[in-house]
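>>> sequence first, then the predicted structure, then my questions.
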Amino acid sequence: MITSLITGAAGFIGSQLAHRLAKNGERVVLVDNFSYGRKDNLIFEDMDFTDQVIIADIRDTAKMRELFEQFNFDYVYNIAGIAPLPDCQSDPQEAIAVNVGGFANILELARIYGVKTVIQASTNAMYENETQFPTTENFQHLPTLIYPNTKYCAERFAQSFCDTYNMNVACMRFANVYGPHVDCLRKQPPFVAYMVRELYYDRTPIFHSDGTQRRDYVYVEDLIDLAIAVRACKGFDTINCSSNTSYSVNEMYAIAQEIMGKNIPADYASDAHYWENYPNLYKGAYPIKDEILTHEIKKYSLCENTHAKEAYGWEPKVGMREGLTKLIAAEIDLLDKYQH
Ligand SMILES: NC(=O)c1ccc[n+]([C@@H]2O[C@H](COP(=O)([O-])OP(=O)(O)OC[C@H]3O[C@@H](n4cnc5c(N)ncnc54)[C@H](O)[C@@H]3O)[C@@H](O)[C@H]2O)c1
């Protein structure tokens with residue numbers, strides 16, 4: 001039986017991946033330190049992983065070694081990470097420790113115990129300074145913010161391991177991932193979950209900038225198809241996981257309103273409100289530069305996915321309307337259940 005380790009399994013993507021692999025009849029070993037994860041993510045209609053998840057930190061070498069020793073993993077999915085940009089910006093030491101140091105721990109154990117392929121949750125956020133679109137895996141300009149830099153460094157170390165030891169590591173650079181998850185219940189959910197929640201309660205959502213900023217979105221089920229396909233990776237590889245289609249906030253909002261049968265014009269806040277919940281970034285001798293925030297809000301993303309298609313036979317299948325329809329149905333169920 002194929003056995004995979006999934007770190008970050010109580011998060012959005014990790015939990016969905018666990019569900020799919022288990023449904024495929026594989027054995028999954030789930031690890032999370034619950035710094036961001038939630039048990040509710042692990043409850044599916046047909047399966048409940050809440051008692052199965054091992055509470056551990058990917059930096060804990062002794063604990064992780066025990067798991068590698070015990071389970072003899074075929075594949076390791078390192079989905080654990082600190083993803084919110086302002087969190088990484090506010091605590092760079094922790095971001096680097098988890099996103100780079102934690103991954104180095106996983107790589108070293110994968111080397112010792114002979115894992116067939118390590119699959120790393122990387123990001124297209126490292127293309128933040130690109131000017132040519134769609135962006136390919138061979139990008140030109142290094143990123144500025146802490147978060148994409150941690151993921152970029154993690155990739156560099158993965159390459160170092162592959163070059164030195166003949167290992168196989170597939171770094172999947174995810175575009176904006178969307179799909180059903182419990183974030184709609186959080187105080188400050190990310191954009192898609194926030195939009196659905198506000199519409200559910202007939203409230204006016206507040207978007208940053210003017211809502212015309214466009215990004216590349218990939219549906220979580222498509223991402224998982226690719227996460228399975230890249231097990232075939234030989235040596236080191238970086239693979240864009242994207243739809244190569246961009247949508248603006250306003251376009252997605254219009255589709256969501258149509259699906260939910262609502263007609264609530266959105267409000268727009270100035271860039272200055274972005275990250276206002278992180279006052280420490282605006283304090284100190286050197287506060288964050290205004291142009292950095294503006295650049296992040298207005299950031300355009302569109303990522304080429306030819307490499308994933310040609311090397312791994314993958315094709316994104318879920319279009320925006322279909323994806324939003326599935327996501328909205330799941331989030332309405334959740335909101336009905338919890339009445340948050
Ligand atoms: N969601 C996206 O749009 C997106 C886009 C690009 C890349 N990614 C990357 O994909 C991964 C998963 O993203 P997500 O949206 O599911 O985020 P998430 O926050 O829902 O999941 C990450 C999980 O990792 C866990 N974790 C964090 N530090 C840990 C540690 N030291 N040890 C063990 N577990 C730890 C958290 O508790 C959380 O459950 C992240 O690494 C993120 O950087 C996500």
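In hand now; what should we look at?
>>> got the buried residues for whichever helix or strand Tyr268 is part of?
In this structure, Tyr268 is located in strand 267-269 according to DSSP states H and E. Residues of strand 267-269 classed as buried: Tyr268 (neighbour count, 16 or more other CB atoms under 10 Å). All C-beta spots, glycine's among them, are computed from the backbone N, C-alpha and C.
>>> what helices or strands is it leaning on?
strand 206-208 (3 or more CB pairs under 8 Å, 6 or more residues apart in numbering; DSSP states H and E).
>>> helix or strand right after the strand it packs on?
Following strand 206-208 toward the C-terminus (DSSP H and E): strand 214-219.
>>> so how far is Gln16 from Ile292?
31 Å (CB to CB, to the nearest Å).
>>> equivalent analysis for Asp333, please.
16 Å.
>>> for Gly102, same thing?
Counting by CB to CB, the gap from Gly102 to Gln16 is 21 Å.
>>> now Ile55
Relative to Gln16, and taking CB to CB, Ile55 is found at 20 Å.
>>> looking at these two, which has the bigger crowd around it?
Gln16 (23 against 12; other CB atoms under 10 Å).
>>> got the contact list for the more buried one?
Contact analysis of Gln16 by CB atoms under 8 Å, 6 or more residues apart in numbering lists Gly179, His181, Val220, Glu221, Ile224.
>>> can you show me the strands along this structure?
3-7, 27-32, 54-55, 75-78, 117-123, 169-174, 176-178, 206-208, 214-219, 236-241, 246-248, 267-269 (DSSP state E).
>>> what's the first one packed up against?
What it means is strand 3-7. helix 12-23, strand 27-32, helix 61-71, strand 75-78.
>>> what is the orientation angle of it with strand 27-32?
10 degrees (axes from the mean of the first three to the mean of the last three CA atoms, to 10 degrees).
>>> let me see the mean pLDDT of strand 3-7.
In this model, strand 3-7 has a mean pLDDT of 99.
>>> alpha carbons only: can I get that strand in CSV?
Provided in CSV are the C-alpha atoms of strand 3-7 (Å, rounded to 0.1, in the frame of the first residue of the first chain):
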residue,chain,number,x,y,z
THR,A,3,2.0,5.5,2.3
SER,A,4,2.3,9.3,2.3
LEU,A,5,3.1,11.8,5.0
ILE,A,6,1.2,15.0,4.7
THR,A,7,2.4,17.9,6.9
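>>> buried set for that strand?
Applying 16+ other CB under 10 Å to strand 3-7 flags Ser4, Leu5, Ile6, Thr7 as buried.
>>> mind listing what the most far-flung residue of the chain relative to its centre touches?
Distance from the centre of the chain peaks at Ala285, with 32.3 Å (CA atoms, centre = their mean). Under the criterion of CB under 8 Å, 6+ apart, Ala285 has no neighbours.
>>> just the helices in the stretch 201-340 of the chain please.
220-229, 249-260, 290-298, 306-312, 320-338 (DSSP state H, counting those that start in this stretch).
>>> show me the contact partners of the first one.
Residues from elsewhere that reach helix 220-229 (CB under 8 Å, 6+ apart): 12-13, 16-17, 20-21, 24, 77, 119, 172, 174, 177-180, 239, 241, 243, 308, 312-314, 316-318.
>>> per-residue confidence for the residue in the chain positioned nearest to the ligand?
Closest contact between the chain and the ligand, by CB to the nearest ligand atom, is at Gly11 (2.0 Å). For Gly11, the pLDDT comes out at 96.
>>> again with His181
77.
>>> what sits closest to it if chain neighbours are left out?
What sits nearest to His181 in space, not counting adjacent residues and going by CB to CB, 6 or more residues apart in numbering, is Phe12, at 4.4 Å.
>>> now do the contacts for that neighbour.
Here Phe12 is in contact with Asn41, Val177, Gly179, His181, Asp183, Val220 (CB under 8 Å, 6+ apart).
>>> does the fifth one touch Pro189 like I think?
It refers to Asp183. Yes: using CB atoms under 8 Å, Asp183 is in contact with Pro189, at 4.3 Å.
>>> re the thing from before, closest to Arg214 out of the contacts of Phe12?
Set against Arg214, the nearest of the contacts of Phe12 by CB to CB is Val177 (16.3 Å).
>>> so what's the closest one bridging to?
According to DSSP bridges, the residues that bridge with Val177 are Val218.
>>> pretty sure it sits against Ile13.
Yes: applying CB under 8 Å, one finds Val177 in contact with Ile13, separated by 6.1 Å.
>>> neighbours of Asp60, how many?
Asp60: 15 neighbours (other CB under 10 Å).
>>> and it, how far from Thr7?
Relative to Thr7, and taking CB to CB, Asp60 is found at 11 Å.
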